[in-house]
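# Here is a sequence with its predicted model. Questions after.
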Amino acid sequence: MYTVIGAPKTRAFRVIWMLEELGQPYTVDPTAPRDPKLAEINPSKKVPVLKDGSDYVIDSVAIVQYLADKHQMLTHKAGTIARAHQDSFTQFCVDDVESSLWTAAKHTFVLPAELRVEGAKTACQHDFNKAMEHLALRLGSKTYVMGEMFTVPDLLLGHCAGWATSMNWTIPEGNVSAYVARVRSRPTFARATAVREKMA
Ligand SMILES: N[C@@H](CCC(=O)N[C@@H](CS)C(=O)NCC(=O)O)C(=O)O
């Protein structure tokens, strides 16, 4: 039995969605970011954290890929060229998509007011729009970024797309909007969303 530590409205949602994809049993400990009790397991007091047995894994991307590797689902095997391309999409999601969202969030409500920079959010949105153009080109007419198989970067991109929409950023019409709708219409996404709503 896994324990997902972190309020489901945070990136902990990714881990919950992943566990729904895997059909693995889990419980959620909805600890808020920066709760002092996190310091013992994560010096940055960030969430999510996955408790697996007596071990703790921190960082949502590391957790999701670990679970994919462990259960051999939603991933190509390490050391294959397919895995290299898959990881490239994961890094694209983290570097180009999530970083714009997270930096914008920091300059909206995370950083102390005196450190927030006016215009930072506009610059982030510009970068996000550029990333969406690149996603459109890399995705082409494929069902998922790696083709017919739903993999880790699809889950991460699907999560980021919802985050962007909640900030009123636009997902471009066409292959990207159709892709996002496809990813977010998975029954596992609906089940994870129900968990989030129940714990809100
Ligand atoms: N790269 C980390 C980032 C985790 C992260 O920043 N989590 C947010 C909540 S979604 C948090 O705990 N923020 C608290 C803070 O920045 O102090 C991951 O993907 O897990």
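Ah, there it is.
# Go through stretch 155-164 and flag the buried ones.
Within stretch 155-164, the residues scored as buried using 16 or more other Cβ atoms under 10 Å are 155-161, 163-164. Heads up, the C-betas are built off the backbone N, CA and C, glycines and all.
# tell me the domain boundaries of this protein?
Annotated domains of the chain cover 2-73, 81-186 [automatic domain parsing].
# Please identify the deepest-packed of the ones you listed.
Across these, averaging neighbours per residue (mean count of other Cβ atoms under 10 Å) puts domain 2-73 on top, at a mean of 18.
# So that domain, near the ligand or not?
Yes: looking at domain 2-73 against the ligand by Cβ under 6 Å from any ligand atom, the contacts come from 10-11, 33-34, 46-48, 59-61.
# Residue ranges in the protein under the pLDDT threshold?
Applying pLDDT under 70 to the chain picks out no residues at all.
# the helices in it, which residues?
12-22, 60-71, 81-92, 99-105, 120-139, 152-166, 175-184, 187-198 (DSSP state H).
# What lies in contact with the first one?
Which is helix 12-22. 2, 4-6, 8, 26, 28, 30, 47-48, 50, 60, 63-64, 67-68, 71, 73-74, 150, 155-156, 159, 186, 188-189, 191-192, 195-196 (Cβ atoms under 8 Å, 6 or more residues apart in numbering).
# you'd agree residue 156 is up against residue 98?
Yes: if you go by Cβ atoms under 8 Å, residue 156 and residue 98 touch, sitting 7.5 Å apart.
# Centroid-nearest residue for this structure?
residue 156 (3.6 Å; Cα atoms, centre = their mean).
# Just give the nearest non-adjacent residue to that one, would you?
Among residues not flanking residue 156 along the chain, residue 93 sits closest, at 4.5 Å (Cβ to Cβ, 6 or more residues apart in numbering).
# That concludes my questions; thank you for your assistance.
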